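Undergrad: build me a model from this:
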Amino acid sequence: MAEEVFSQVEANEEERYLSLEFTAGISEIFSIKFSLGNNELVENFVI
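TA: Below is the predicted model of the structure:
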């Protein structure tokens with residue numbers, strides 16, 4: 001299954017945290033990928 005980017009947020013030195021609001025249905029699956037340099041962390045979620 002191919003990845004589809006729904007939204008992308010980029011932090012800068014002035015922000016202490018990221019925030020993104022979205023809606024989803026019950027049983028919907030989504031992932032969040034955090035990247036810093038060559039490092040990546042992917043977390044998967046189910047509503």
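Undergrad: for V46, what are its contacts?
TA: The neighbours of V46, taking Cβ atoms under 8 Å, 6 or more residues apart in numbering as the test, are 27-29. Bear in mind the C-beta positions are built from the backbone N, C-alpha and C, glycine included.
Undergrad: those in strands, which ones?
TA: I29 (DSSP state E).
Undergrad: okay, now G25: neighbour count?
TA: 6 (other Cβ atoms under 10 Å).
Undergrad: over to it: give its phi and psi.
TA: phi -90, psi 160 (degrees, to the nearest 10).
Undergrad: so which residue of the protein lies furthest out from the middle?
TA: Centroid-distance maximum for the chain: E14 at 19.8 Å, with Cα atoms, centre = their mean.
Undergrad: separation between it and L41?
TA: 23 Å (Cβ to Cβ, to the nearest Å).
Undergrad: still on that earlier bit, secondary structure element for the residue farthest from the centre of the chain?
TA: Following DSSP states H and E, there is no helix or strand that holds E14.
Undergrad: so what's it scoring on pLDDT?
TA: Looking at E14, its pLDDT stands at 85.
Undergrad: got it, and Q8?
TA: What the model reports as pLDDT for Q8 is 84.
Undergrad: need the pLDDT of the closest residue to L41 other than its chain neighbours.
TA: Computed as Cβ to Cβ, 6 or more residues apart in numbering, the closest residue to L41 that is not its neighbour in sequence is F34, at 4.6 Å. pLDDT for F34: 89.
Undergrad: residues near E21, how many?
TA: 5.
Undergrad: the protein: strands as residue ranges?
TA: All strands of the chain, identified by DSSP E, fall at 29-36, 39-46.
Undergrad: export the ones you listed to a markdown table and tack on distance to F22?
TA: Shown next, in a markdown table, are these (distance: least, Cβ to Cβ, whole Å):
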| stretch | distance to F22 |
| --- | --- |
| strand 29-36 | 8 |
| strand 39-46 | 11 |
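Undergrad: buried deepest among those strands, which one?
TA: strand 29-36 (a mean of 10; mean count of other Cβ atoms under 10 Å).
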